[in-house]
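Enquirer: curious how this folds, go ahead:
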Amino acid sequence: MNTNELRKWAEERSIESKTIEGFWDNFHSYKNEQERESSLRFLVMILPKIN
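Expert: The predicted model follows:
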């Protein structure tokens, strides 16, 4: 397969835009997951002090 065929194949299937969209979806999922974990760590640290 030559370079032009590969480029045509990638363009026909929107490989670049799908890859970028997938990256941002995963980035936002990771960010949300980390925020939840940070909140849980905070609760674990603060709850014993409240009781």
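Enquirer: for the residue most central in space within the chain, give its distance to Trp9.
Expert: Against the mean C-alpha coordinate of the chain, by Cα atoms, centre = their mean, the closest residue is Asn26 at 1.5 Å. Plainly put, Asn26 is 24 Å away from Trp9 if you go by Cβ to Cβ, to the nearest Å. C-betas here are computed from N, CA, C, even on glycine.
Enquirer: and the pLDDT for the residue nearest to the centre of the chain?
Expert: Looking at Asn26, its pLDDT is 92.
Enquirer: where's it, which helix or strand?
Expert: Here Asn26, judged by DSSP states H and E, is contained in helix 15-50.
Enquirer: from the contact counts, what lies against that helix?
Expert: The contact analysis (3 or more Cβ pairs under 8 Å, 6 or more residues apart in numbering; DSSP states H and E) places helix 15-50 against no helix or strand.
Enquirer: circling back to that earlier point, so who does the residue nearest to the centre of the chain touch?
Expert: By Cβ atoms under 8 Å, 6 or more residues apart in numbering, Asn26 lies in contact with nothing.
Enquirer: I'd like the distance from the helix or strand of the chain with the lowest mean pLDDT to the chain centre, please.
Expert: Least confident helix or strand of the chain, by mean pLDDT, DSSP states H and E, is helix 15-50 with a mean of 84. Distance, stretch centre to chain centre, for helix 15-50: 9 Å (Cα atoms, centre = their mean, to the nearest Å).
Enquirer: what does stretch 11-28 give?
Expert: Relative to its parent chain, stretch 11-28 has a centroid offset of 11 Å by Cα atoms, centre = their mean.
Enquirer: how about it as CSV, C-alpha atoms only?
Expert: Extracted in CSV, the C-alpha atoms of stretch 11-28 (Å, rounded to 0.1, in the frame of the first residue of the first chain):
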residue,chain,number,x,y,z
GLU,A,11,-9.8,10.3,4.8
GLU,A,12,-12.7,8.1,3.7
ARG,A,13,-13.1,6.8,7.2
SER,A,14,-12.5,10.1,9.1
ILE,A,15,-9.7,8.4,11.0
GLU,A,16,-8.1,11.7,12.2
SER,A,17,-11.3,13.3,13.6
LYS,A,18,-12.4,10.0,15.2
THR,A,19,-9.0,9.7,16.9
ILE,A,20,-9.2,13.2,18.2
GLU,A,21,-12.7,12.8,19.4
GLY,A,22,-11.8,9.5,21.1
PHE,A,23,-8.8,11.2,22.8
TRP,A,24,-11.0,14.0,24.3
ASP,A,25,-13.7,11.5,25.4
ASN,A,26,-11.1,9.5,27.3
PHE,A,27,-9.4,12.6,28.7
HIS,A,28,-12.7,13.9,30.1
